[in-house]
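Asks: Any chance you can model this:
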Amino acid sequence: MTDAADDIRNLSLAQLDALREVANIGAGHAATALSQMTGSTILISVPRIKVVPIEDMAVELGPPEEPVAAVLMAMLGDLTGRTLLVFPRGIAMRLASLLTRRDIPDGAELGTLGESALKEAANIIGGAYLNALSEFMGMMLMNSPPDLVIDMS
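Replies: Predicted coordinates:
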């Protein structure tokens, strides 16, 4: 049984700030890796840290009629958990286009190649964040293979 002090929902402001700093480092590494892969400048905004129960995620993602691409990966190693990366559909399509070097017209489906590219991007982004967290905490952390869903938020 976990002690209430160990529950991630009870993080102090200092702990949340530390997580945000680690996330900034991860974002920088992810942006660099994706920029090198695509030959384009990739900007990743300052991460927002919010701990919510998984069943409340739909509310956090925005209006239910907005399509999103969501990639879920299990966090394995010294800590366990989940990494969820959510891209608005337009951003997901643009990222897949950059990675595959193919134009994906508005309203088109990603297709197998586009889905694979988006999973790889999520793997790179998630891996960059986990590597930063792993170094910060002195723990071994890694992602499972990604699962992708494209649907309404």
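Asks: can you list the weak-confidence ranges in the chain?
Replies: The chain contains residues with pLDDT under 70 at 1-9, 153.
Asks: How about residues contacting the longest strand along the chain?
Replies: When the chain is parsed with DSSP state E, its longest strand is strand 67-77. Strand 67-77 is contacted from outside by 61-62, 80-89, 92, 110, 118-119, 122-123, 126, 130, 134, 139-153, using CB atoms under 8 Å, 6 or more residues apart in numbering. (Each C-beta comes from the backbone N, C-alpha and C, glycine too.)
Asks: where does Arg16 fall, phi/psi-wise?
Replies: No Arg there; residue 16 is Leu. Backbone torsions of Leu16, given as degrees, to the nearest 10, read phi -60, psi -40.
Asks: Next: the one 10 residues further on.
Replies: Dihedral angles phi and psi of Gly26 (degrees, to the nearest 10) take the values phi -60, psi -40.
Asks: Contact partners for the nearest residue to Asp106 once chain neighbours are set aside?
Replies: Spatial nearest neighbour of Asp106, chain neighbours left out: Met93 (7.7 Å); criterion: CB to CB, 6 or more residues apart in numbering. Met93 makes contact with Ile104, Asp106, Ala108, Leu110, Gly114 under the criterion CB under 8 Å, 6+ apart.
Asks: Perfect, that will be all.
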